[in-house]
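>>> Need a 3D model of the following:
(2 chains)
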Amino acid sequence: MLMSVVTEVCALVPERVRDAQRGQSNEACSPALECRRVAKRYRSGSQQVEVLRDIDLQIAPGEMVAVLGYSGTGKTTLAKLLAGLESPTAGQVLMDGQPVRGADLTRGYMFQNYSLLPWMTVLGNVQLAVDQAFPQWPKSRRREHALQYIEMVGLGHAYKRLPSELSGGMRQRTSLARTLSTLPRVLILDEPLSALDALTRGVLQQEILRIWSEFRQACVLITNDIDEAILMADRIVPLTIGPAATLGPAFTVDIERPRTARELNRNPQYKELRNEIVAYLLQQRQRSQQSQPTAKLPRPDCRPQSLHPPSYAIFGSRWPGSQGS
Amino acid sequence: MRLRNGMLRFCEIAGLPILEPVVRLVFREDPRAQLVKLMQYVAVPAVALAVFLVLWSWAARVVVTDSVQLPGPAATWKAGRDLFALHFQQRQADRQAVQQRMREALVLVAKAQGLRQLCAQRPEGITAPEKCEQLADQLEQRALQIANAPIVRAPTFIDQIVISLQTVFFGFLLATAIAVPVGILCGMNPWISAALTPFIQLFKPVSPLAWLPLAAVVVIWAYGDTAPHQAMFQKSFLISASTVALCSLWPTLVNTTLGVASVPKDFLNVGRVLKLSPWQRLVKILLPASLPLMFTGLRISLGVGWMVLIAADMLAQNPGLGKFVWDEFQNGSSLTYARITFSVLTIGVIGLLLDRLMVCLQNLAAGRAQLAT
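Here you go, the predicted model:
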């Protein structure tokens, strides 16, 4: 069902299909967002840290790809590279075949920690984005548009509140409204739900899926939760353990949408896929532990001569060398 | 309930925790706890004040030489009351003087009009009608002069307080107008910051007494060609105010720089993702995020400004509280020390009120920008 959507979108844009035929991509058409041999290094010289190496990733229009990895492997760095908030040290990030230069409003970026401006209300935060995206609209229309998206994420009753007056889930809903209200062509969700409690997370997963299925942007979901990845994504790409992390083999999620957590639990396909991914990640961890040199020092070849301390240390009033009084 | 919350919020923002137990008592919340708090905020300071007054009186009886004596609380209080009474007497006298002048002026105007009528009614009896008109004009001009002439007299204590406040606010506004933009530039751009940091470090610790002669040179240069009655401000006022500005510049500057430079990276990233222009980034993100620190700086600045002002007034002979203290000291009358003690207390009270004002603003700014996380 998904593939039919993708091919439909692609059929409208013939040059994309041409590109796809030329490229090595096995997708049905050219990617909306693409990383070509991207590497990111921080600092230089002997202190250099290589966070990412040889990242090759293609996201087709309408596809949701989950990047799954342990914490600290460079997931957020990858998200920032895709958004244009960081520039790659080597390689290229391309959107619709054009190199990405800096962040812009065509790629909606949802921050891990909401990053709402605390001195603005929910409406203020969303409208700031709308004002930027559609300066040509009259003011009343921009306000209406912002309110419509606030309504969509279920915060219609709270649009006047400040972020400090919202729960974590509501903050993330606001952030989602802000991201979607600019009508981005690509969504980059950087661990959007990792700061929330499990119950809220489950609700918001469904919410994001519901909204996303209306728009069907190409979407990158950065996550450290295997279940979330399987529930939401069409394809799961694991990130190997850093330093110099890179992408592992992709797992395609062939479970029909709409998916719910409850149904997934009974789905044998889900269990199999989950086991495969867990096995891969565990294997990764083991490999990284083996490859890291453990700092084991050889034991010195000597033994203490006696375990009995000399008696003056306990009873004697004078230490050797001290002047007795 | 709404009223209660509003009043509690007012106490919090106004920096008046002393009122909080009163509000809670009125709304009958846990009276015991409120009474304990009242003890803490009212009774204990009152006892401390009583102890202080006793010690002061004792010191006033001990610190006595042949010629002078440390004034006690009673003498100080009396001196203060006299100063206020003097002010109101002076006001009364001023009003009378003005009335007297107005009367004179009116009489002159009436004379001029009468002269004109006389000339108009009996033109045949007047030998020189143009002279008649001239005389009437002269009378009118004289009336105008009398009515508009400023009353020249020594400023009273309250006048001096007002002038001091004007000077300190003028200097403070001058300092803010310089420090906030420069601080924002320094915070936004590390290159500008690098260029200015040595100057900030160098000039920050300089005392007002050292600045004052230089400020005087600049003011005198700027006013070189201006006649005294044309000038918008008096020279001494400008010298005092610019010294205040030079000294109270630094806390605001340093805090603004720090505030702008330490805006959370996430907020800046929001600005980048939304493609805000530099101006919007400043207005929508940098300024609101750095307001709390900026206001902390402003509060310190105003405190420093008030402290510096007294010294500057003394040196620049600007008619303010500093000059009052200095003049009294030079006078050496029997009232001198009581008056000086009273002005010391006045300076303290005004400084306290200014600080409270800034605390209010600071709390308001912090409340607006309170962080979500």
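
>>> count of residues packed around residue 49?
This is for chain A. 13 (other C-beta atoms under 10 Å in any protein chain shown). No exception for glycine: its C-beta is placed from N, CA and C like everyone else's.

>>> Oops, wrong one, chain B.
Around residue B:49 there are 10 other residues, counting by other C-beta under 10 Å.

>>> what pLDDT does whichever residue of the stretch 101-250 of chain B sits closest to chain A get?
Residue of the stretch 101-250 of chain B nearest chain A, by C-beta to the nearest C-beta: residue B:184 (16.8 Å). pLDDT recorded at residue B:184 is 93.

>>> what do you get for residue B:101?
pLDDT at residue B:101 comes out at 88.

>>> quick one: it and residue B:147 touch, right?
Yes - contact criterion C-beta atoms under 8 Å: residue B:101 and residue B:147 qualify, at 6.2 Å.

>>> mind listing what the residue positioned nearest the centre of chain B touches?
Nearest to the geometric centre of chain B sits residue B:165, at 2.0 Å (C-alpha atoms, centre = their mean). For residue B:165, the contacting residues are residue B:350, by C-beta atoms under 8 Å, 6 or more residues apart in numbering or on different chains.

>>> Give me the phi and psi angles of it.
phi -60, psi -40 (degrees, to the nearest 10).

>>> Does residue B:219 lie in a helix or a strand, and which?
Secondary structure assignment for residue B:219, by DSSP states H and E: helix B:208-222.

>>> which other helices and strands contact the helix or strand just after that helix?
Sequence-wise, the next helix or strand downstream of helix B:208-222 (DSSP H and E) is helix B:235-261. Contact here means 3 or more C-beta pairs under 8 Å, 6 or more residues apart in numbering or on different chains; DSSP states H and E; on that basis helix B:235-261 packs against helix B:157-188, helix B:190-203, helix B:208-222, helix B:287-316.

>>> centre of the chain versus helix B:235-261, how much separation?
15 Å (C-alpha atoms, centre = their mean, to the nearest Å).

>>> Also stretch A:218-229?
Counting by C-alpha atoms, centre = their mean, stretch A:218-229 is centred 7 Å from the centre of its parent chain.

>>> mean confidence for it?
On average, the pLDDT along stretch A:218-229 is 91.

>>> Compute the first-to-last residue distance for it.
From its first residue to its last, stretch A:218-229 covers 15 Å (C-alpha to C-alpha, to the nearest Å).

>>> Likewise for stretch A:230-244?
End-to-end distance of stretch A:230-244 (C-alpha to C-alpha): 25 Å.

>>> Now do the buried residues in it.
By neighbour count with 16 or more other C-beta atoms under 10 Å in any protein chain shown, stretch A:230-244 contains the buried residues A:230-242, A:244.

>>> Now, these that are in strands?
In this view, the buried residues of stretch A:230-244 that belong to strands under DSSP state E are A:235, A:236, A:237, A:238.

>>> which regions of chain B lie under the pLDDT threshold?
Applying pLDDT under 70 to chain B picks out residues B:122-129, B:226-231, B:367-373.

>>> and the angle from the lengthiest helix in it to helix B:157-188?
Ranked by number of residues, the top helix in chain B under DSSP state H is helix B:73-121. With axes from the mean of the first three to the mean of the last three C-alpha atoms, to 10 degrees applied, the angle from helix B:73-121 to helix B:157-188 works out at 100 degrees.

>>> okay but residue A:63 is in contact with residue A:236, surely?
No - applying C-beta under 8 Å, one finds residue A:63 not in contact with residue A:236, separated by 11.7 Å.

>>> Show me where the stretch 151-300 of chain A has its helices.
A:168-181, A:198-215, A:226-232, A:261-266, A:268-291 (DSSP state H, counting those that start in this stretch).

>>> Give the next helix or strand downstream of the lowest-mean-pLDDT helix or strand in chain A.
The least trusted helix or strand in chain A, going by mean pLDDT, DSSP states H and E, turns out to be helix A:14-22, with a mean of 42. Remark: after helix A:14-22, the chain's next helix or strand is strand A:33-42, criterion DSSP H and E.

>>> Adjacent strands (with direction) for that following strand?
Using DSSP bridges, strand A:33-42 pairs in its sheet with strand A:49-59 (antiparallel), strand A:90-95 (antiparallel).

>>> what separates the residue sitting nearest the centre point of chain A from residue A:189, distance-wise?
By C-alpha atoms, centre = their mean, the mean C-alpha position of chain A lies nearest to residue A:222, the distance being 2.0 Å. Per C-beta to C-beta, to the nearest Å, residue A:222 is found 7 Å from residue A:189.

>>> ok, the closest residue to residue B:41 other than its chain neighbours to residue B:356 distance?
Closest residue to residue B:41 apart from its sequence neighbours, by C-beta to C-beta, 6 or more residues apart in numbering or on different chains: residue B:18 at 4.5 Å. Distance, residue B:18 to residue B:356, by C-beta to C-beta: 11 Å.

>>> for chain B, what are the nearby residues on the stretch 1-150 of chain A?
A:83, A:85, A:102-105, A:109, A:111, A:113-119, A:128-129, A:132 (C-beta under 8 Å from any C-beta of the partner chain).

>>> Now a PyMOL select for only the buried ones of the residues you listed.
Selecting the buried subset of the residues of the stretch 1-150 of chain A next to chain B in PyMOL, with 16+ other C-beta under 10 Å as the burial test, is done by:
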select buried, chain A and resi 83+85+103+104+105+109+111+113+114+115+116+117+118+119+128+129+132
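
>>> just to revisit the earlier point, okay, the strands paired with strand A:33-42, which one's buried deepest?
For the strands paired with strand A:33-42, the largest average neighbour count (mean count of other C-beta atoms under 10 Å in any protein chain shown) is found in strand A:49-59, namely a mean of 20.

>>> And it, how far out from the chain middle?
Using C-alpha atoms, centre = their mean, the distance from the centre of strand A:49-59 to the centre of the chain it belongs to is 13 Å.

>>> got the angle between the helix or strand following that strand and helix A:268-291?
Using DSSP H and E, the helix or strand that follows strand A:49-59 towards the C-terminus is strand A:64-68. Here strand A:64-68 runs at an angle of 40 degrees relative to helix A:268-291 (the same axes, to 10 degrees).

>>> Give me the contacts around strand A:64-68.
By C-beta under 8 Å, 6+ apart, the list of residues contacting strand A:64-68 reads A:57, A:59, A:75, A:78-79, A:212, A:218-224, A:226, A:228-229, A:232-239, A:247, A:277, A:281.

>>> Which neighbouring elements make contact with the helix or strand just after that strand?
Sequence order places helix A:75-83 as the next helix or strand after strand A:64-68, per DSSP H and E. Contacts defined by 3+ C-beta pairs under 8 Å, 6+ apart place helix A:75-83 against strand A:33-42, strand A:49-59, strand A:64-68, strand A:107-110, strand A:186-190, strand A:218-223.

>>> Can you tell me which of those is nearest to residue B:362?
Closest approach to residue B:362 among those (C-beta to C-beta): strand A:107-110, 33.9 Å.

>>> Return the distance of the longest helix of chain B from the chain's centre.
Remark: helix B:73-121 is offset 28 Å from the chain centroid, using C-alpha atoms, centre = their mean.

>>> Now do the following helix or strand past it against helix B:73-121, angle only.
Scanning forward in sequence from helix B:73-121 by DSSP H and E, the next helix or strand is helix B:129-148. Going by the same axes, to 10 degrees, helix B:129-148 is angled at 170 degrees with respect to helix B:73-121.
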